[in-house]
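>>> Let's see this in three dimensions:
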Amino acid sequence: GSSWNKCDFETNLCKVLPEFNLQPGWIRRNGKSGMGPPYSDHNGNESAYFLSLSSEIQSSSAALRTKVFLPTDEEHLCQIRFHYWVSQTSGTFMVGLQKHSEDTVTNIWQVSGELRNQWNVNTITINSTEKYEV
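Coordinates of the predicted model:
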């Protein structure tokens, strides 16, 4: 059976993204914040919250780390579905996988350039025989 953890940022960061993993540069805001687009979430809701990268750190990178997920098997694949917005000025949005036996993060998905200034949605499927973070 599938169990979804919904992560909507309305009250806080939600279980998938632990609070202390919010690196400098990331802010929780909504479309009314006066910080420019997007002016609503992917449903067109102006007061719904989302995470946004502060314009002050254009030159560098900022990561978001998930909690530790348990290994997957034939019955338990991990699917992560997320909505994202890439503005005219931003660079590359990447999703990486770090298995606990490895020191490095493996890039498993990325987007840059196309479909700017609109909400897009993507689903990635993860297979891992050991504990991992995304």
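
>>> So W109 lies in a strand, does it not?
Yes: according to DSSP: H, G, I helix; E, B strand; the rest coil, W109 belongs to a strand.

>>> wait, R29 sits on S47?
No: using Cβ atoms under 8 Å, R29 is not in contact with S47; the gap is 10.7 Å. To be clear about C-beta, it is placed using only N, CA and C from the backbone, and glycine gets the same treatment.

>>> Between those two, which has more neighbouring residues?
R29 (16 against 10; other Cβ atoms under 10 Å).

>>> Now that one: closest residue in space that isn't a chain neighbour?
Excluding the flanking residues, the one nearest R29 by Cβ to Cβ, 6 or more residues apart in numbering is S52, at 5.2 Å.

>>> got a pLDDT number for that neighbour?
At S52, the model reports a pLDDT of 89.

>>> how about it, phi and psi?
Recorded main-chain torsions at S52 are phi -140, psi 150, according to degrees, to the nearest 10.

>>> Could you double-check that it lies in contact with I27?
Yes: in this structure, S52 is within contact of I27 by Cβ under 8 Å, at 5.5 Å.

>>> The two: which has the busier surroundings?
S52 (19 against 13).

>>> On the three-state scheme, F82 is what?
At F82, secondary structure determined by three-state DSSP is strand.

>>> so it bridges to which residues?
Counting by DSSP bridges, F82 forms beta bridges with N122.

>>> ok, it - contacts?
By Cβ atoms under 8 Å, 6 or more residues apart in numbering, the contact list for F82 reads V121, N122, T123.

>>> By neighbours, which of those wins?
Within the contacts of F82, neighbour counts (other Cβ under 10 Å) peak at N122, which reaches 13 neighbours.

>>> That one and E75, how far apart?
The gap separating N122 from E75 is 24 Å, by Cβ to Cβ, to the nearest Å.
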